[in-house]
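# here is a sequence with its predicted model. Questions after.
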Amino acid sequence: MEVRFINPFLEGTISVLKTMAFIEPKPGKPFLKKNNYAVGDISGIIGLTGSVRGSLALSFSERCIVKVVSNMLGEEIKTINGDIKDAVGEITNMVSGAARKKLEESGLILSAAIPTVVSGKQHSISHVMGGPSIIIPFETEHGPFVVDVCMGKEQ
């Protein structure tokens, strides 16, 4: 996977969470993920096609996503529920849109599918390209989450 694909997802994630949830996530050092296990308790996954093909997953710890969605909705939520699942899909869609806009500036045109949300301890994430993905870990004062990106050219 090319490095130029990483920054648009990093920037899009920070922008969406700052704007929608008033949370400023701090990115960590990206690393190669070699298995299909999700890092968090709930994940939004979206497929991307066009100039390149791939997928994006955002995987949140329960503590983190409960605070993010509570901030977004302006009401306290204590556990993962239907509102949280809907919000994870929407956050994934917004991050994808922000990243696609940045990638479009470099000449890559992408379309996104409808996001899927998966939850539960040790759930798995299978990217459409297969193979390893890049994880960008983020830390917030409310717990961690990751951006999991797998992109490449059509074979």
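Structure's in. What do you need?
# following the chain past whatever helix or strand Leu17 lives in, name the next helix or strand.
Using DSSP states H and E, Leu17 sits in helix 6-21. Of the helices and strands lying after helix 6-21 in sequence (DSSP H and E), the nearest is strand 26-27.
# coming back round to it: helices or strands up against the helix holding Leu17?
strand 26-27, helix 62-73, helix 82-105, strand 133-140, strand 143-152 (3 or more CB pairs under 8 Å, 6 or more residues apart in numbering; DSSP states H and E). For the C-beta atoms, the positions are set from N, CA and C on the backbone; glycine is no exception.
# buried set for the longest one?
Right, the one you point to is helix 82-105. Using 16 or more other CB atoms under 10 Å as the test for burial, helix 82-105 gives 84-85, 87-96, 98-100, 102-103.
# same question for the fourth one.
Buried positions in strand 133-140, judged by neighbour count with 16+ other CB under 10 Å: Ser133, Ile134, Ile135, Ile136, Pro137, Phe138, Thr140.
# and the contacts of it?
1, 6, 9-10, 13, 17, 23-33, 39, 57, 64, 67-68, 127, 144-150 (CB atoms under 8 Å, 6 or more residues apart in numbering).
# how about Phe22, nearest residue that isn't a chain neighbour?
Leaving out its chain neighbours, the residue that sits closest to Phe22 by CB to CB, 6 or more residues apart in numbering is Asn71, at 5.3 Å.
# picking up where we left off before, would a markdown table of the helices and strands packed on helix 6-21 with mean pLDDT and distance to Gly47 be doable?
A markdown table is the format used below for the helices and strands packed on helix 6-21 (pLDDT from 0 to 100; distance: least, CB to CB, whole Å):
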| stretch | mean pLDDT | distance to Gly47 |
| --- | --- | --- |
| strand 26-27 | 96 | 23 |
| helix 62-73 | 96 | 21 |
| helix 82-105 | 95 | 9 |
| strand 133-140 | 94 | 13 |
| strand 143-152 | 91 | 10 |
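# out of these, flag the one nearest Lys121.
helix 62-73 (9.6 Å; CB to CB).
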